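*Asks:* Using only what follows, build the 3D model:
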Amino acid sequence: MAAQPELVSVKRIWGETPHSAFGDLIRFQDRWYAVFREGKKHVASRELHPDDGKLRVIVSRDGGNWKPAALLEEAGVDLRDPHLSVTGDGRLMIVAGGSIYREGVFKGRRPRVAFSRDGSQWTAPRAVWQEDHWLWRVTWFKGVAYGVSKTGETDKRYAVLVKSRDGVNWEQVTEFRVPGIDETTVRFRPDGTMIALGRNEVGSRNVHIGHAKPPYTQWEWADGGHRIGGPNFIELPDGAMWAGGRLYEAAGNKTTVARLDLKSYTPQLTLPSGGDSSYPGFVWHKGLLWTLYYSSHEEKTAIYLAKIKVPK
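*Replies:* Okay, here's the model as predicted:
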């Protein structure tokens, strides 16, 4: 049996509001930055409205002690699922969903972006791309931002690969020919190969793994064998890929870390989690996989940071 990853430590680092969730993690200018949504619950409802989610940015020098850095909000808009990246000109970028609810009823959405040179002072959230789209995560490669934008209801959902040179003006590269593909993370190998890990909510409902060479219009796909929510992954310096998300199982939903290759997604480690939990952010730092995620297995839905030793 192959060696298993080891949980070195885990700590709840934030939970000041009733529901802190959907986070991401990055290392920028020798500091740690995390971003996540703060709200009343997972999503607005008729019983609890308005619930206009705000984006909380926190910062740490050592990853142990965290303090507030910024709070982004937009009146009448639920800012959701924020993700961090570094632009081609060296700024921090947040991409997030911007959903509109009226008395707890969903009325529409459009992606939002914001930028910062220091992690504390941010531009106001700006609507980009197209109505009824959700540009879920952005990865920069050779000065160009790439991301996957999903649209449509679950049974008719589809996704398109888009790109931008400034993070504001986007154009479509191709449509993914995978029925029902949803939240998707893309990363790049040194040779320019793009790899995609996408949630799926139709058919087998299993996560799908795709790869393509430039110009990223011809894709090969594989069924990963497990149903995952909030998928993310990272390629380590040795070329190994590690992934994570909410693993749906009969015994309960947990946030897990998995081995990833172009054909399979293999869960290896279950993090302390339960209930409303998922959306890991990964950073490889000094030989450990730093993993930010949210969970509701303790007092309330809060943000956790785990350090994981992965086998070579």
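*Asks:* Quickly note the distance from K213 to S164.
*Replies:* 20 Å (CB to CB, to the nearest Å). For glycine as for every other residue, the C-beta is placed from the backbone atoms N, C-alpha and C.
*Asks:* what about the two, which has more around it?
*Replies:* Between K213 and S164, S164 has the larger neighbour count (other CB atoms under 10 Å), namely 21 against 13.
*Asks:* The more buried one pairs with what?
*Replies:* Counting by DSSP bridges, S164 forms beta bridges with A145.
*Asks:* Show residues contacting stretch 147-165.
*Replies:* With contact meaning CB atoms under 8 Å, 6 or more residues apart in numbering, stretch 147-165 is reached by 88, 95, 111, 129-130, 132-139, 143-146, 170-176, 178-186, 196, 198, 201-202, 216.
*Asks:* hmm, try it at 7 Å
*Replies:* 95, 129, 132-139, 143-146, 170-176, 180-184, 186, 196, 201-202, 216 (CB atoms under 7 Å, 6 or more residues apart in numbering).
*Asks:* Show the buried residues in the residues you listed.
*Replies:* The neighbour-count test (16 or more other CB atoms under 10 Å) applied to these identifies 95, 129, 133-139, 145-146, 170, 173, 176, 180-184, 186, 196, 216 as buried.
*Asks:* Next step: the residues you listed restricted to helices.
*Replies:* Taking DSSP state H, every one of the buried ones among the contacts of stretch 147-165 sits outside helices.
*Asks:* now, which of those lie within strands?
*Replies:* 95, 133-139, 145-146, 173, 181-184, 186, 196 (DSSP state E).
*Asks:* what's G23 in contact with, if anything?
*Replies:* Taking CB under 7 Å, 6+ apart as the contact definition, G23 lies against 34-36, 279, 281, 292, 294, 303.
*Asks:* among those residues, which are in strands?
*Replies:* Per DSSP E, those map to strands at 34-36, 279, 281, 292, 294, 303.
*Asks:* If you average the pLDDT over stretch 235-242, what comes out?
*Replies:* The average of the pLDDT scores along stretch 235-242 is 97.
*Asks:* Kindly check the end-to-end length of it for me.
*Replies:* In stretch 235-242, first residue to last residue: 7 Å (CA to CA, to the nearest Å).
*Asks:* For that stretch, which residues meet the burial criterion?
*Replies:* 235, 241-242.
*Asks:* Stretch 115-134 too?
*Replies:* Counting neighbours by 16+ other CB under 10 Å, stretch 115-134 gives 115-116, 119, 122, 125, 128-129, 133-134 as buried.
*Asks:* In a markdown table, list these along with distance to W66 and pLDDT.
*Replies:* Shown next, in a markdown table, are those (distance: CB to CB, whole Å; pLDDT from 0 to 100):
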| residue | distance to W66 | pLDDT |
| --- | --- | --- |
| F115 | 22 | 98 |
| S116 | 17 | 98 |
| G119 | 12 | 98 |
| W122 | 17 | 98 |
| P125 | 22 | 98 |
| V128 | 29 | 98 |
| W129 | 31 | 98 |
| H133 | 32 | 96 |
| W134 | 28 | 96 |
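*Asks:* Farthest pair within the residues you listed?
*Replies:* Distance extremes for these: the farthest pair is G119 and H133 at 26.9 Å, using CB to CB.
*Asks:* what's the pLDDT at E201?
*Replies:* pLDDT recorded at E201 is 89.
*Asks:* That one is in contact with D182, isn't it?
*Replies:* Yes. With contacts defined as CB atoms under 7 Å, E201 counts as touching D182 at a distance of 5.6 Å.
*Asks:* D155 belongs to a strand?
*Replies:* No. Assigned with DSSP: H, G, I helix; E, B strand; the rest coil, D155 falls outside any strand and is helix.
*Asks:* Now do the helices in this structure.
*Replies:* Along the chain, counting by DSSP H, no stretch forms helices.
*Asks:* Buried residues of the lowest-mean-pLDDT helix or strand in the chain, list them for me.
*Replies:* Among the helical and strand segments of the chain, the one scoring lowest on mean pLDDT, DSSP states H and E is strand 105-109, with a mean of 87. By neighbour count on 16+ other CB under 10 Å, the buried set for strand 105-109 is R109.
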